[in-house]
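Participant: take a look and give me a structure for this.
(one chain, ligands or ions: 1)
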Amino acid sequence: MEHFEINGGSRLKGTVKIDGAKNAALPILAATILCEGETILHNVPDLQDVRQMITLLNRLGITCERREEGGLRLRAEDEMNCHAEYELVSRMRASVCVMGPLLAKRKRSQVSMPGGCAIGDRPINLHIQGLRSLGADFDLAGGDIVLRAKKLKGTELFLGGAFGSTVTGTANVLMAATLAEGRTVIESAACEPEITDLAEFLNKCGAQITGHGTPRITIDGVDSLQGVEHTVIPDRIETGTFIIAAAITNGELHLENGRLEHLIAVVDRLRHLGLNIERYEKGVQVSSARRLEPIELTTQPYPGFPTDLQAQTMALLCLADGNSVVTEKIFPDRFMHVAELNRMGAHIRKEGPTVIIEGVKKLIGAPVMASDLRASAALILAGLIAKGQTRLHRAYHIDRGYQRIEEKLTAVGADIRRVQD
Ligand code: EPZ
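Facilitator: Numbers count the residues shown, from 1 in each chain. Here you go, the predicted model:
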């Protein structure tokens, strides 16, 4: 196992190149199951989660060859195996994105029920409900979800749940509907940019999708899809993470390829905090006012404030000049980072799905434990500003969603290194 050692106090200055979006690349990789012929993808980040998805696709008969940095060439060679097994799905929840494509293309899918994780219960009842609405027969066998359908039939279906829309649930139903007979309308679809990127990819392959990016997506089924060349959008969560890295160190960063239009709710809240965030010709530039104003924020489905930036923003709010309030509406238990930030001298109090962050003058370096991907990012950010050394254990969590984060941070002045335990 490895841990990070971070010595706080450096102001970050310089340019960081933003990689392709993990949460767009994963469903697009799964969508190659639907395609005849070859697919060439660019700007695919080299992350642990992406490697897991490629391993799963290989098991499902999809060959995958790495090309230039971020480039992949994929082709479906063998359609026999339709089983995404527990040992893979339990390690990477987004494996469930193969369910819709397998069902639509191979008429059968057997996918292990994903377990919960540190950010809470991760049910997939809406995925199953949506696919059954398209005519799939459902069975539960030994912890696996088995879905079968000779031919899916288009229909109008509602995909909203108690916490609003579902991102990968929308991806699954959207992908399955591309090869269904007739028209499908998905009401309460997820509007995330990663869903829009998936729909753009599928339309290039010959699908007929309209309304992507809005809560109502319409899909007219086609007989087949052809592999194409596609470049994955930049990662808005990585962009937001580095905006906060600049702010927390009172530095100034240029984030190449960052897209402000994917972060409107985040920019709104961070500008209220006192950050200067502007576009420049290659992306986003950010600098911070010395004094940070306290804010209120609530996470919501896109275009609301993304839950995937809640932990990182909380690290910054620890140093605001007053009390901030954060409410988590997507994953109400997504607060594993609170206890660890308090170990570093933060004053955060949890009241159910809401936390009150009382601003403090400084954070103090300490040994802390990573629990999930975004909590790990929050603790690295806190370590960048904390007095003394912070040791973040279980570094593997961060590698799931950030490519070589310590190299990118070092290149703009951070004192961080990865150390073997
Ligand atoms: C996607 O997860 C992202 N992962 C998550 O990013 C992100 O936090 C989440 O969307 C919310 O934006 C990928 O895209 C691979 P949901 P997903 O289905 O699709 C409930 C990261 O850090 N729900 O939109 O699994 C669910 O419990 C990861 O990159 C049901 O009740 O999330 C949650 O409360 C973490 N039934 C809410 O809906 C279902 O069938 C939103 O979940 C599905 C979801």
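Participant: count the neighbours of Ala189 for me.
Facilitator: Look at Ala189: counted by other Cβ atoms under 10 Å, it has 30 neighbours. Quick note: C-beta positions are derived from backbone N, CA and C, even for glycine.
Participant: ok, now how distant is it from Ile264?
Facilitator: Ala189 sits 19 Å away from Ile264, going by Cβ to Cβ, to the nearest Å.
Participant: all strands of the stretch 151-300 of the chain, in order?
Facilitator: Under the criterion DSSP state E, counting those that start in this stretch, the stretch 151-300 of the chain contains strands at 156-158, 183-187, 208-210, 216-220, 225-226, 229-231, 252-256, 275-280, 283-288, 296-298.
Participant: closest to Ser324 out of those strands?
Facilitator: strand 296-298 (6.8 Å; Cβ to Cβ).
Participant: what strands flank that closest one, and is each parallel or antiparallel?
Facilitator: In the sheet, strand 296-298 lines up against strand 323-327 (parallel) (DSSP bridges).
Participant: among the strands of the stretch 151-300 of the chain, which comes closest to Gly116?
Facilitator: Each of the strands of the stretch 151-300 of the chain has some distance to Gly116 by Cβ to Cβ; the shortest is strand 296-298, at 23.1 Å.
Participant: quick one: mean pLDDT over the closest one.
Facilitator: What strand 296-298 shows for mean pLDDT is 97.
Participant: right, is that strand up against the ligand?
Facilitator: No. Using Cβ under 6 Å from any ligand atom, strand 296-298 stays clear of the ligand, coming no nearer than 13.7 Å.
Participant: what does that strand rub up against?
Facilitator: Identification of contacts with strand 296-298 by Cβ atoms under 8 Å, 6 or more residues apart in numbering yields 269, 304-305, 310, 313, 324-329.
Participant: what about Phe4, which SS state?
Facilitator: Three-state call for Phe4 (DSSP: H, G, I helix; E, B strand; the rest coil): strand.
Participant: adding distance to His337 and neighbour count, write the contacts of strand 296-298 out as CSV.
Facilitator: Shown next, in CSV, are the contacts of strand 296-298 (distance: Cβ to Cβ, whole Å; neighbours: other Cβ atoms under 10 Å):
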residue, distance to His337, neighbour count
Arg269, 18, 19
Gly304, 20, 17
Phe305, 16, 26
Gln310, 9, 26
Thr313, 11, 28
Ser324, 15, 25
Val325, 16, 15
Val326, 11, 24
Thr327, 15, 17
Glu328, 11, 23
Lys329, 17, 17
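Participant: between the residues you listed, which is nearest Asn203?
Facilitator: So of the contacts of strand 296-298, ranked by how close each gets to Asn203 (Cβ to Cβ), first place is Gly304, at 25.9 Å.
Participant: mind putting the strands of the stretch 151-300 of the chain into CSV with mean neighbour count?
Facilitator: Shown next, in CSV, are these (neighbours: other Cβ atoms under 10 Å):
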stretch, mean neighbour count
strand 156-158, 15
strand 183-187, 20
strand 208-210, 16
strand 216-220, 20
strand 225-226, 20
strand 229-231, 16
strand 252-256, 21
strand 275-280, 15
strand 283-288, 22
strand 296-298, 18
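Participant: of these, which is nearest Gly365?
Facilitator: Of all the strands of the stretch 151-300 of the chain, it is strand 283-288 that lies closest to Gly365, at 20.7 Å by Cβ to Cβ.
Participant: quick one: mean pLDDT for the closest one?
Facilitator: pLDDT averaged over strand 283-288 gives 94.
Participant: one more: stretch 144-160?
Facilitator: pLDDT averaged over stretch 144-160 gives 97.
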